[in-house]
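Trainee: attaching a predicted model along with its sequence, questions to come.
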Amino acid sequence: MTDIEQSFMDEIDARFPYEDRERCAALIDRGIAISPNAAFAVLHEICRPGRGVPVSADRLMEHLAYWRSAFKHPAADMLAEVAEAMIHRRDLPVEDVIGRMRILAQYPGLYAALVILYFSCDDVDERLEPVDAEIRNNWGRALDRGHQ
């Protein structure tokens, strides 16, 4: 993850201005301009507001719709579906999430998207753990090779 991505994520983490449509749109646009990972970090804020944050599902769906209209990536539709389920507090089946994680594995460095998937189900048997670790390790090796 780049320093710019990390700085942006730190800026929006638990401080997303849900009730200010213009500021939200600007943050969505900024995340998209930074990187796909930063764009998915914005999606993470949209579908997982902090505990006690007073924001309606309708408002979150508005932000999701804008995010989806502005962001073009092969994994965007898949993650938008997951985000919608999360906004409506519907857990996905663990097997479905594992399948989506394996699809996402094709796109190294999308750690924020991987986190969304990780939190989209109730994995009481911790079946996601080895899949998550494998993907992160493979991405790390791929990114390391890219910097040599």
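Mentor: Thanks, I have the structure now.

Trainee: pLDDT wise, what is the spatially closest residue to F119 that is not a sequence neighbour at?
Mentor: Excluding its sequence neighbours, the residue lying closest to F119 (C-beta to C-beta, 6 or more residues apart in numbering) is R48, at 6.3 Å. Quick note: C-beta positions are derived from backbone N, CA and C, even for glycine. With respect to pLDDT, R48 has a value of 95.

Trainee: can you list contacts of whichever helix in the chain runs longest?
Mentor: For the chain, the longest helix by residue count, based on DSSP state H, is helix 128-146. Applying C-beta atoms under 8 Å, 6 or more residues apart in numbering, the contact partners of helix 128-146 are 94, 97-98, 101-102, 104-105, 108-109, 111, 114, 117-118, 121, 123.

Trainee: the residues you listed in helices, which ones?
Mentor: Checked against DSSP H, those include these in helices: 94, 97-98, 101-102, 104, 111, 114, 117-118.

Trainee: make CSV out of the residues you listed and add pLDDT and neighbour count.
Mentor: Shown next, in CSV, are the ones in helices among the contacts of helix 128-146 (pLDDT from 0 to 100; neighbours: other C-beta atoms under 10 Å):
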residue, pLDDT, neighbour count
V94, 98, 18
V97, 98, 22
I98, 98, 17
M101, 98, 19
R102, 98, 12
L104, 98, 21
Y111, 96, 18
L114, 98, 24
L117, 98, 26
Y118, 97, 15
